[in-house]
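Q: Dropping a prediction and its sequence here:
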Amino acid sequence: MALLSPVTVPGPRRVVSVDLDAPLPTLVADETGSSALVVGYRDGFPVTTLDVLLTADPADAARALAPLVDGHPGTVDAFPERVPDADLPMISIVVSTIVARVEDIGKLLDFLEHLDYPDYEVVLVDNRVKVPDIDALPGLLEGRNVRLVTERRPGCSVGRNSGVAAAKGEIIAFTDDDVRVDPQWLRSIGTRFVREPDVQAVTGMILPVELETPAQIWYEAYYGGFSGERTFDPVTIVPDDVQGLMRHAQASAIAPDGTVRKHFAIYGIGGYGAGANWAVRRSAFDAVGGFDPVLGAGVPARGGEDLAIFIDILWGGGRIGFEPRAVVHHRHRQDLEGLHGQLHSNGVGFTALMCELIAKDRRHALVLARLMPRAGKIKLAQLVSRLRGKRDAAAETITEASTTRIPRSLAYHEFRGFPAGPAAYFRSRRFWRDVEEGRFRP
């Protein structure tokens, strides 16, 4: 697939954390990159990001960062008092892995050992169908306080379900084996559940670990953040008019002061969360039936399993909190081929998810039919904007470094996945039936 002309292959972009309450660091162009994604922190939590061009003169970066220092207060907190440790719930962290990224798993486990939280456990699910003769997993777990669960049936959904079944916590937190978590990650999640006892799930902020390759930079530019346009304001996602929910399927993102920040169809909840960083009350997880094994990585449907739970919670009248203080850092695909595969899987997974929603409740079909024309126009406008290198970010955060032109091939691979989703869904159903009946052979 040809690239959108002209597309310049970007050089490495540094990811730099900056304390906005302290003297600014000296930032200059060097062999590690001539631009940087600066993540501004206040009180230990991220409050904004800015793409900055770097030169040999550190004064240039300082001038670019000045609006961040002056214009961004600390993170919004409607409940400023710290929740006592004794009031925080026990949390079980569930990570399902096929042990394909050994180094990343080790780093994740290192971070999970040093979380600032009084009562938690780590449940690692070995979701490999077959174990190689030389197995790195025992060495990774040696000396660590990690409970291992073995699940040989394929698919991340059944892997996570097995992890939840073995977990002891009343809150279940999920992350992936290619992320690193902030020390305050779990405390931010537990605090949100205590302060808002009526939320069934909490999603968090996902930032990049690195932007060293063109594929990683293009991914950030294409999505404007891992799961959607990045926002640092906490909101609670509330379904509109619960009695009419099945007909309208609309939700509102409500800020702590009660203002509505966004109004959207529940199928767009992916803009506020992804499977790499979220948590759920066990009761809510059980109420929606857990992860659907027909969806997700490792089965033909490829994805959609996390969004399915988010949508089911909202469809049933539940609430979801977005908590930007709960931060993880994700390692994006490093090569273009891997990125193409991920985007194609995203497209397949989304329409496969729509098929599964309709199969469970036919009222989804009526809602989706009504929403499809408008959703198509929005997606097309968004696509054109992104391919032109434009970002839906605040004006003060737009710099020359923000306007990376993106290969047309990214949209091609995502969009060609959409029509492939329904067939993949039916293959996935047959595949899982074979697994359950013992006919699956790896």
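A: Structure's in. What do you need? Numbering: from 1, shown residues only.

Q: Please, where are all the helices along the protein?
A: 58-71, 102-112, 137-141, 156-166, 185-195, 214-223, 245-248, 282-287, 305-315, 336-360, 363-387, 408-436 (DSSP state H).

Q: And those helices: which comes nearest residue 33?
A: Nearest of these to residue 33, taken as C-beta to C-beta: helix 214-223 at 9.9 Å. (Glycine included, C-beta is placed from N, CA and C.)

Q: Excluding residues flanking it in the chain, which one is nearest residue 435?
A: residue 153 (5.6 Å; C-beta to C-beta, 6 or more residues apart in numbering).

Q: I'd like the helices of the chain as a markdown table, with distance to residue 18 and mean neighbour count appended.
A: Formatted as a markdown table, these follow (distance: least, C-beta to C-beta, whole Å; neighbours: other C-beta atoms under 10 Å):
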| stretch | distance to residue 18 | mean neighbour count |
| --- | --- | --- |
| helix 58-71 | 7 | 15 |
| helix 102-112 | 21 | 17 |
| helix 137-141 | 33 | 14 |
| helix 156-166 | 35 | 23 |
| helix 185-195 | 20 | 23 |
| helix 214-223 | 18 | 22 |
| helix 245-248 | 42 | 15 |
| helix 282-287 | 37 | 16 |
| helix 305-315 | 31 | 25 |
| helix 336-360 | 28 | 21 |
| helix 363-387 | 26 | 14 |
| helix 408-436 | 29 | 18 |
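
Q: nearest to residue 272, of those helices?
A: Closest among the helices of the chain, once you apply C-beta to C-beta, is helix 305-315, at 8.2 Å.

Q: ranking the helices of the chain by mean pLDDT, which is last?
A: Of all the helices of the chain, helix 245-248 carries the lowest average pLDDT, namely a mean of 61.

Q: JSON lines please, covering the helices of the chain and showing distance to residue 38.
A: Shown next, in JSON lines, are the helices of the chain (distance: least, C-beta to C-beta, whole Å):
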{"stretch": "helix 58-71", "distance to residue 38": "6"}
{"stretch": "helix 102-112", "distance to residue 38": "22"}
{"stretch": "helix 137-141", "distance to residue 38": "33"}
{"stretch": "helix 156-166", "distance to residue 38": "33"}
{"stretch": "helix 185-195", "distance to residue 38": "21"}
{"stretch": "helix 214-223", "distance to residue 38": "13"}
{"stretch": "helix 245-248", "distance to residue 38": "40"}
{"stretch": "helix 282-287", "distance to residue 38": "37"}
{"stretch": "helix 305-315", "distance to residue 38": "29"}
{"stretch": "helix 336-360", "distance to residue 38": "23"}
{"stretch": "helix 363-387", "distance to residue 38": "21"}
{"stretch": "helix 408-436", "distance to residue 38": "24"}
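
Q: Could you point out which of the ones you listed sits nearest residue 259?
A: Short answer: helix 185-195, nearest of the helices of the chain by C-beta to C-beta, at 18.3 Å.

Q: Surely residue 172 touches residue 280?
A: Yes - between residue 172 and residue 280 there is a contact at 5.6 Å, judged by C-beta atoms under 8 Å.

Q: These two: who's more crowded?
A: With neighbours defined as other C-beta atoms under 10 Å, residue 172 and residue 280 compare such that residue 280 has more, 27 against 24.

Q: so the more buried one bridges to which residues?
A: Counting by DSSP bridges, residue 280 forms beta bridges with residue 172, residue 201.

Q: if I look at it, how far off is residue 169?
A: 11 Å (C-beta to C-beta, to the nearest Å).

Q: what do you get for residue 83?
A: Taking C-beta to C-beta, one finds residue 83 at 16 Å from residue 169.

Q: okay, those two: which has more neighbours?
A: Neighbour tally, residue 83 and residue 169, criterion other C-beta under 10 Å: the higher count belongs to residue 169, 21 against 15.

Q: Tell me who's in contact with that one.
A: Residue 169 is in contact with 89-92, 120-121, 282, counting by C-beta atoms under 8 Å, 6 or more residues apart in numbering.

Q: of those, buried ones?
A: 89, 91-92, 120-121, 282 (16 or more other C-beta atoms under 10 Å).

Q: nearest residue to residue 158 other than its sequence neighbours?
A: Residue nearest to residue 158 in three dimensions, not counting chain neighbours: residue 293, with 4.6 Å by C-beta to C-beta, 6+ apart.

Q: And for the one you found, the neighbour number?
A: For residue 293, the count of nearby residues is 25 (other C-beta under 10 Å).

Q: No further queries at this time; thank you.
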